[in-house]
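Undergrad: Below are the sequence and a predicted model; questions follow.
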Amino acid sequence: MNKRVDPLTPEQRRHTMRQVHSEDTKPEMRVRRLTHRMGFRYRLHRKELPGKPDLVFPGRKKIIFVHGCFWHGHDCPAGRKIPKTNQEYWIKKLNRNKERDKENLAKLRALGWDVLVIWECETRDEASLSQRISRFLDDENTA
């Protein structure tokens, strides 16, 4: 493990981390706008559901999560990146995020929900994303 000194002061680090949000992120907003333009209506961040899903379609019993590649450990360049400072902390934190995601997916599926995970890097190709969302939401037998 690399032990490098953080180039930011504790105050600067605190400010940076405060800028990170779990709701209304740019990728989530892209998915929400696109889904709405496609004519689908949804509920946001239902706290009573495991994982507090980003978009919930109660009548269809379907859920969409929009995951940040870094925070949820996607297999893309952004998801494979590990900060150079405090690596032990970050590896533990990011692995726990992945475990929690798996647990929440299993709980939701046990409750009868169909779940689609959209990764941040996938939100840039709107045509492909639109097709994927449409297939997921229109298909009655999505598992």
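TA: Alright, I've got the coordinates. Numbering: from 1, shown residues only.

Undergrad: Contact partners for the residue nearest the centre of the chain?
TA: For the chain, the residue whose C-alpha lies nearest the mean C-alpha position (CA atoms, centre = their mean) is residue 67; its distance is 1.6 Å. Counting by CB atoms under 8 Å, 6 or more residues apart in numbering, residue 67 touches 74, 101, 117, 118, 119, 120. C-beta: built from backbone N, CA, C; applies to glycine.

Undergrad: Give me the next element, helix or strand, following the helix or strand of the chain with the lowest mean pLDDT.
TA: Of the helices and strands making up the chain, the lowest-confidence element is helix 10-18, at a mean of 64, by mean pLDDT, DSSP states H and E. As assigned by DSSP states H and E, the chain's next helix or strand after helix 10-18 is helix 26-37.

Undergrad: and that next one, what other elements does it pack with?
TA: With contacts taken as 3 or more CB pairs under 8 Å, 6 or more residues apart in numbering; DSSP states H and E, helix 26-37 sits against strand 55-57, strand 62-67, helix 126-138.

Undergrad: of all the ones you listed, which lies closest to residue 26?
TA: strand 62-67 (9.7 Å; CB to CB).

Undergrad: Residues contacting the very next helix or strand once past the closest one, please?
TA: Counting by DSSP H and E, the next helix or strand C-terminal to strand 62-67 is helix 69-72. The contact list for helix 69-72 (CB under 8 Å, 6+ apart) reads 76, 78, 79, 81, 94, 97, 98, 101, 119, 120, 121.

Undergrad: Nice, that's everything, thank you.
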